[in-house]
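> This is a predicted model, with the sequence first.
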Amino acid sequence: MLELKYSLVIEATEDPSFFGFYSPDLEGFTGVGHSVEDCLYKARWGMEEHLALLAEQKLPVPEPNPNPTVVVQNEKRLEPAA
């Protein structure tokens, strides 16, 4: 069991040794890892730190997602400006 309280998106980059991640449930929460497993580990602890900072700054803390998901996908590329 992953024990994440919020959903997580992990994106593979062109560099096979770097992955980006973010939570669609936690505004402003992002990070990078060297593997999918590294991202999961960093996200688990990073989410706790992020929530503590929100509470410390008296900002709204989102309710945990009752059914969080983890999605691994290729990095979304921005379209070049026309």
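Noted; the coordinates are in hand. Residues are numbered from 1 along each chain as shown.
> Show me what the residue nearest the centre of the chain is bridged to.
Most central in the chain under C-alpha atoms, centre = their mean is Tyr22, positioned 2.5 Å from the mean C-alpha point. Following DSSP bridges, Tyr22 is listed with bridge partners Val9, Thr30.
> On the three-state scheme, Pro80 is what?
Per DSSP: H, G, I helix; E, B strand; the rest coil, the local secondary structure of Pro80 is coil.
> Check the gap between it and Asn65 for me.
Note on Pro80: its distance to Asn65, by C-beta to C-beta, to the nearest Å, is 34 Å. C-beta coordinates here come from the backbone N, C-alpha and C atoms, glycine included.
> Looking at those two, which one has more neighbours?
Taking other C-beta atoms under 10 Å, Pro80 and Asn65 do not tie; Asn65 has more neighbours (16 against 5).
> list the contacts for the more buried one?
For Asn65, the contact set (C-beta atoms under 8 Å, 6 or more residues apart in numbering) comprises Lys5, Tyr6, Ser7, Asp25.
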